[in-house]
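> how would this look folded up:
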Amino acid sequence: MNKDRLLHSLEELSINCNESLGHGVTRFSWSEADKNARAWLTKELHSIGLETWTDGIGNLHALYKGSTDAPHVITGSHLDTVYHGGRYDGTYGVVASLEALRSFHEEGFVPKCDIEFIAFAEEEGSNFGNTCLGSKAICGQIDEKGLKALCNKTGNAWDILQAFGLKPENLPSEQINSQDAKAFLEVHIEQNSVLEEAHIPIGIVTDISGMRLHRIHLRGVSDHAASPMQNRKDPMACFAEIAYRIENLWKENVLPKDFSCTIGKIICEPNVGIIIPHEISFTIDIRHVKLDELEQGLRHIEELLKKVTKERNISFSIEQLSASGGVSMDSKLQSCIERVAKSNNIEYMHLKSGPAHDAAAMGQRVPVALIFVPSIGGVSHCPQENTSPTSLVQGALILKETLRDLCIA
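Numbering: from 1, shown residues only. Model prediction:
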């Protein structure tokens, strides 16, 4: 494995395929920066003799041919970022998989089965708020109707894909076939501080938490800021109480201690300092490893919404924006990673993943495994996101040698 090439490739994507240079990395799917990243990646894959193709959602594929037609192994991660994100989230997994294939090519290694490389689109959900969209699309978790229902200020997902030169109508014939795929393997930065605090260089993920993202609308009555306080129907005051009491659900053990609940994007209408707003909308992200606990938590939150809005004479509605995760990693694949780590004298530990990843969607179709490397300070999704070069190289090495083992077994 060429360590310098691995690190240089990461820098290449963060500098030359970035719409916010100097302010982290911004590379939304189907943007100019995304187009540049795809062009660079395609060139690199062609340089080692691999055929490439792009499916209807924008996932970039390549195939490293094996000696038989046995079920193949898939590896990769996502190219897109959040707004002003970091250099490594997703991109590291893409480049590590690329470097594994480069190394195999230079070694003259011929696997028994094919290795399929995928750089996924729209894992972050930055365009429409729906995470892991690229992997969901080829795992049968969203269809034409669902894509046309996803909208942002520039249009719906179906039309945006077509405008980018893609053919979403081909997606039904581009699905991952469970019979043809042996495994999916992904490496990613941890986005937490568990590994760093334990001084362990490699994490073997056991489960990816289920995630549900909802948007809640609170509707009241707008009025002048000088109007009497009594009998107001103020959705902002209602929102403040809801936000406070949702946190208390966790503090009072109504929600499990390992349950995560986050209020995110907030929109106030009309958002004027001297006017009581008529509507507040906000997103709420909930996560838990066990899907039954996740659904029970959502019911508790809905009950709270009904109670508070009724007391304040505010109407509300709730819509689901995204659902991801809630999948266990394959035990045999975990054991394979363990053997590789031991043979390379690299310490490892088992841990769970709070963030969703493409492995979660892929896990609905094929056995999956996810490898973590430490995030310095546990930070991610921001310009300060960082992982040491040593950790990046070690994770890529474990990925490469696990791929080798899977392809000769």
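
> so what's residue 399 up against?
75, 96-97, 100, 185, 187, 371 (CB atoms under 8 Å, 6 or more residues apart in numbering). Every residue, glycine included, has its C-beta placed from N, CA and C.

> which stretches of the stretch 1-150 of the chain form helices?
Ranges of helices in the stretch 1-150 of the chain, per DSSP state H, counting those that start in this stretch, are 3-16, 32-47, 91-107, 133-137, 144-149.

> Just put these in a markdown table and tack on distance to residue 193.
Below are the helices of the stretch 1-150 of the chain laid out as a markdown table (distance: least, CB to CB, whole Å):
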| stretch | distance to residue 193 |
| --- | --- |
| helix 3-16 | 21 |
| helix 32-47 | 28 |
| helix 91-107 | 17 |
| helix 133-137 | 26 |
| helix 144-149 | 35 |
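
> which one of those helices is the most hemmed in?
Highest mean neighbour count of these: helix 133-137, a mean of 29 (counted as mean count of other CB atoms under 10 Å).

> by contact count, what packs against it?
Judged by 3 or more CB pairs under 8 Å, 6 or more residues apart in numbering; DSSP states H and E, helix 133-137 is in contact with helix 358-362.

> Could you list the low-pLDDT ranges of the protein?
409 (pLDDT under 70).

> How is this protein divided into domains?
Per the record, the chain has its domains at 3-209+327-408, 211-324, by automatic domain parsing.

> residue boundaries of the strands in the stretch 101-250 of the chain?
Applying DSSP state E, counting those that start in this stretch to the stretch 101-250 of the chain gives strands spanning 115-120, 151-152, 155-156, 181-189, 202-208, 210-219, 223-224.

> Tabulate those (JSON lines), appending distance to residue 257.
Output for the strands of the stretch 101-250 of the chain, formatted as JSON lines (distance: least, CB to CB, whole Å):
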{"stretch": "strand 115-120", "distance to residue 257": "32"}
{"stretch": "strand 151-152", "distance to residue 257": "36"}
{"stretch": "strand 155-156", "distance to residue 257": "40"}
{"stretch": "strand 181-189", "distance to residue 257": "25"}
{"stretch": "strand 202-208", "distance to residue 257": "16"}
{"stretch": "strand 210-219", "distance to residue 257": "16"}
{"stretch": "strand 223-224", "distance to residue 257": "41"}
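
> Indicate which one of these is closest to residue 378.
Across these, residue 378 has its closest neighbour in strand 181-189 (10.0 Å, CB to CB).

> How far away from the center of its chain is the closest one?
On the basis of CA atoms, centre = their mean, to the nearest Å, the separation between the geometric centre of strand 181-189 and that of its chain is 13 Å.

> Could you do stretch 312-319 as well?
30 Å.

> try stretch 206-222
With CA atoms, centre = their mean, you get 17 Å for stretch 206-222.

> and what of stretch 287-298?
That offset, for stretch 287-298, works out to 18 Å (CA atoms, centre = their mean).

> Minimum distance to residue 181: which of the helices of the stretch 1-150 of the chain has it?
Here helix 133-137 is closest among these (CB to CB), at 12.7 Å.

> got the CA positions of that closest one in CSV?
What follows is helix 133-137, C-alpha atoms only, in CSV (Å, rounded to 0.1, in the frame of the first residue of the first chain):
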residue,chain,number,x,y,z
LEU,A,133,-30.2,8.0,-0.6
GLY,A,134,-27.6,6.5,-3.0
SER,A,135,-27.4,3.2,-1.2
LYS,A,136,-31.1,3.1,-0.4
ALA,A,137,-31.9,3.6,-4.1
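
> How many neighbouring residues does residue 26 have?
For residue 26, the count of nearby residues is 18 (other CB atoms under 10 Å).

> and it, what is it in contact with?
So, once contact is read as CB under 8 Å, 6+ apart, residue 26 ends up touching 18-20, 33, 81-85.

> Can you select the buried ones from the residues you listed in ChimeraX?
A single ChimeraX command selects the buried members of the contacts of residue 26 (16 or more other CB atoms under 10 Å):
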select :18,19,33,81,82,85
